[in-house]
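[1] Structure, please.
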Amino acid sequence: MRIIPTLSLLFGMALASHALAQTAAEEEACKADFQKYCAGTMPGGGRVLACLEKQLDKLSPDCKKVVQTHAK
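    You can find the predicted model right below:
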């Protein structure tokens, strides 16, 4: 029964990171920060980016650069 929640989490992370990241490197840069600060955020509509922007001062330097690049 652990497989379903794990797959759901991985699928959600893939969707969320796809909504933000344009490259595999950008996705990797924000993966840990997304999991730490925005895991409950539903992807789509810019929600992941907005969540990460709210945590900008806490993000890793690489993720901060990605978020700032994609922010409006």
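[2] what's the burial count for Pro61?
    7 (other C-beta atoms under 10 Å). C-beta: built from backbone N, CA, C; applies to glycine.
[3] same question but for Gln68, I mixed them up
    Applying other C-beta under 10 Å, we find 12 residues neighbouring Gln68.
[4] Next: Cys38.
    21.
[5] thinking it is in contact with Leu49, fair?
    No: using C-beta atoms under 8 Å, Cys38 is not in contact with Leu49; the gap is 9.4 Å.
[6] In which helix or strand does the spatially most central residue of the chain reside?
    Nearest to the mean C-alpha position of the chain, counting by C-alpha atoms, centre = their mean, stands Phe34 at 3.9 Å. According to DSSP states H and E, Phe34 maps onto helix 24-37.
[7] For that helix, name the packing helices and strands.
    In terms of contacts (3 or more C-beta pairs under 8 Å, 6 or more residues apart in numbering; DSSP states H and E), helix 24-37 is packed against helix 3-20, helix 47-54, helix 61-70.
[8] got the angle for that helix vs helix 47-54?
    Per axes from the mean of the first three to the mean of the last three C-alpha atoms, to 10 degrees, the angle that helix 24-37 makes with helix 47-54 is 70 degrees.
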